[in-house]
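[1] Here is my input, please return the structure:
(one chain, ligands or ions: 2)
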Amino acid sequence: MSLQRTLILVKPDGVRRQLVGEVIRRIETKGYNISELKMIQPDRELLAKHYAEHEGKPFYEPLLEFMLSGKVVAIIAEGHRVIEGFRKLAGTTDPTVAEPGTIRGDLACDQGTKVVQNIVHGSDSPESAEREIAIWFN
Ligand code: DAT
Ligand code: MG
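    Residues are numbered from 1 along each chain as shown. Ligands and ions are numbered 1, 2, ... in the order given. A predicted model of the protein is given here:
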């Protein structure tokens, strides 16, 4: 068994809607271990690094504005295949069509905003996870 780490964020919509506990509950009951956790108000510089891959896309500016709109809970979760496992728990990007049973499918829907607000972020590969953990937890 090889331990893997992933970076999970409860985004400002999740914090505003008091879903932090619900997201943590789903991570823990699935069987993953939370090794670090903090609440922070990210600044633009941190978010530009985190979302560098999306720079230039039509939703990039709305995405940064949304992520700047409130506090975020940053979590490092550990477990065997946790990157894949949390992405599955989160559901697909568009919450309107995310499967019921997933965080996004159960707790969010598209509100017609310029950027999709979907409660959580989860790293998508081991390389992204290590890069993102370094950004959020120095
Ligand atoms: P994910 O968060 O599922 O990894 P992503 O990395 O492609 O998705 O995009 C980051 C966030 O940007 C995503 O959670 C919601 C928003 N987003 C992505 N694609 C979008 C689109 N086509 N229109 C509006 N918002 C979008
Ligand atoms: Mg992504």
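[2] Quick check, residue 34 in contact with residue 75.
    Yes: between residue 34 and residue 75 there is a contact at 5.8 Å, judged by CB atoms under 8 Å. Where you see a C-beta, it was placed from the backbone N, CA and C, and this is true even at glycine.
[3] overlap in contacts of those two?
    Counting by CB atoms under 8 Å, 6 or more residues apart in numbering, the contacts common to residue 34 and residue 75 are 24, 27.
[4] Pick out whichever of these two has more residues nearby.
    residue 75 (26 against 14; other CB atoms under 10 Å).
[5] Please name the bridge partners of the more buried one.
    residue 8, residue 37 (DSSP bridges).
[6] any idea whether the spatially most central residue of the chain is helix, strand or coil?
    Centroid-nearest residue in the chain, with CA atoms, centre = their mean: residue 121, separated by 1.4 Å. The three-state assignment at residue 121 reads strand, by DSSP: H, G, I helix; E, B strand; the rest coil.
[7] Could you find the closest non-adjacent residue to it?
    Nearest residue to residue 121, sequence neighbours excluded (CB to CB, 6 or more residues apart in numbering): residue 9, at 3.9 Å.
[8] Now do the contacts for the one you found.
    So residue 9 contacts 72-75, 120-121, 136 (CB under 8 Å, 6+ apart).
[9] Let me know the pLDDT of it.
    What the model reports for residue 9 is a pLDDT of 99.
[10] ok, now the one 3 residues further on?
    Residue 12 carries a pLDDT score of 98 in this model.
[11] Then residue 1?
    With respect to pLDDT, residue 1 scores 70.
[12] Walking through this protein, point out its strands one by one.
    4-10, 33-40, 72-79, 120-122 (DSSP state E).
[13] Quick check: which of the ones you listed is nearest to residue 129?
    Within those, the stretch nearest residue 129 is strand 4-10; the backing value is 4.8 Å (CB to CB).
[14] doesn't residue 73 make contact with residue 36?
    No: Residue 36 is not in contact with residue 73 according to CB under 8 Å; the separation is 10.9 Å.
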